[in-house]
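Peer 1: I'll drop the sequence and a predicted model, then ask my questions.
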Amino acid sequence: MKTFKNLWVLALSCTLLFSCTTSEEDLTTQSEVPQDVLAKLTAAHFDTSGAKLTHFMGEDGVAVEDMFFSFAQIDELASEAQQPFQKHYRTSNLVTGLPRQITVSVDPNLGNLGSDALDAMIAMYNAENLQLNFTRVNFGGKGKNKADIEVTEFYELESGGFITLGRAAGFPTRKGDPAKGFGINSRWFELLNPSLAEVTGTMAHEVGHCIGFRHTDYMTRESCGQNINEGSARVGAIYIEGTPTGSDATSLMQACGPADRFNANDKIALDVLY
Ligand SMILES: [Zn+2]
């Protein structure tokens, strides 16, 4: 078995691998997700080995990788025929109405670490001078005062060798709004005492999903120590012009990666989209 430390380095962005085996618990959990739903997620190149029915940010749906999709969102993913096969990818819907201010807020339950990481994440995006400008607002606002992207706390124990660090509530909507937010697992804080840079990097990764990025290695999940190649399914991922076609191990948008900042190609991808 690989050591804890190596695996930690391997798997910062979304999940942390403790062992390479699939537990009975995982199999049991997966069987709760209807087969047709699993098939749609698989066709959209999500690794459904840990997929589970979940209630998240007020909706019922499925947690898969470090994402959550309502059943309606899963149907939407399944209806999108796109081209994969290169290295940086976006989903079909992007945030529109550019230039645009995106408000973000963080659950006080995530403490000083969550608060400081939110500020650092905002600075990280705004330093790229995109047409999206991120600003912080108070958590818990209603209506017009509700943040475009809310960062909530959830608590989920490690299971079957993995702990989920963050979980994004899908991709941008068809209306062109960002996904409504993401969660950060406070069990991660308790278990592993992550650094500010690690939490900031995970938040930046989850914001990447909220504004339309898929995992750089979504076809292979090589960053998670896997080598999946499912062939030519054409669902839900569009190549971003100008990004490399070779391996990109330092991308912040690797499924499981050590990165806590944008690499040069991430910056190109952000520039192209926003
Ligand atoms: Zn992710």
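Peer 2: Now that the structure is in, tell me what you want to look at.
Peer 1: contacts and neighbour counts: CA atoms only from here.
Peer 2: Fine.
Peer 1: What segments of the stretch 51-200 of the chain are helices?
Peer 2: With DSSP state H, counting those that start in this stretch as the criterion, the stretch 51-200 of the chain has helices at 71-78, 111-126, 186-192, 196-210.
Peer 1: Packed most tightly, which of those would that be?
Peer 2: helix 196-210 (a mean of 25; mean count of other CA atoms under 10 Å).
Peer 1: Excluding chain neighbours, what is closest to residue 259?
Peer 2: residue 252 (5.1 Å; CA to CA, 6 or more residues apart in numbering).
Peer 1: same check, this time on residue 223
Peer 2: The shortest distance from residue 223 to any non-neighbouring residue, by CA to CA, 6+ apart, is to residue 256 (5.0 Å).
Peer 1: Could you double-check that the one you found sits in contact with residue 224?
Peer 2: Yes - with contact defined as CA atoms under 8 Å, residue 256 counts as touching residue 224 (5.1 Å).
Peer 1: neighbour-wise, which of these two wins?
Peer 2: residue 256 (30 against 20; other CA atoms under 10 Å).
Peer 1: which SS state does the more buried one fall under?
Peer 2: For residue 256, the assignment made with DSSP: H, G, I helix; E, B strand; the rest coil gives coil.
Peer 1: and the gap between it and residue 191?
Peer 2: As judged by CA to CA, to the nearest Å, residue 256 and residue 191 stand 18 Å apart.
Peer 1: And residue 263, by the same measure?
Peer 2: Counting by CA to CA, the separation of residue 263 from residue 191 is 28 Å.
Peer 1: same thing with residue 249?
Peer 2: 26 Å.
Peer 1: do residue 42 as well
Peer 2: Separation of residue 42 from residue 191 (CA to CA) stands at 31 Å.
Peer 1: Repeat that for residue 213.
Peer 2: 28 Å.
Peer 1: before we move on, what about residue 127?
Peer 2: 31 Å.
Peer 1: And for residue 179?
Peer 2: Between residue 179 and residue 191 the distance, using CA to CA, works out to 28 Å.
Peer 1: can you check residue 243 too?
Peer 2: Computed with CA to CA, the distance linking residue 243 and residue 191 is 36 Å.
Peer 1: got the residue ranges for the strands in the stretch 101-250 of the chain?
Peer 2: With DSSP state E, counting those that start in this stretch as the criterion, the stretch 101-250 of the chain has strands at 132-136, 149-154, 162-164, 166-168, 181-185, 238-239.
Peer 1: Including mean neighbour count, mean pLDDT and distance to residue 65, could those go into TSV?
Peer 2: Shown next, in TSV, are the strands of the stretch 101-250 of the chain (neighbours: other CA atoms under 10 Å; pLDDT from 0 to 100; distance: least, CA to CA, whole Å):
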stretch	mean neighbour count	mean pLDDT	distance to residue 65
strand 132-136	19	98	26
strand 149-154	24	97	15
strand 162-164	22	82	8
strand 166-168	29	95	8
strand 181-185	25	97	13
strand 238-239	21	77	19
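Peer 1: Let me know which of these is the nearest to residue 76.
Peer 2: Smallest distance to residue 76 across the strands of the stretch 101-250 of the chain (CA to CA): 15.1 Å, for strand 238-239.
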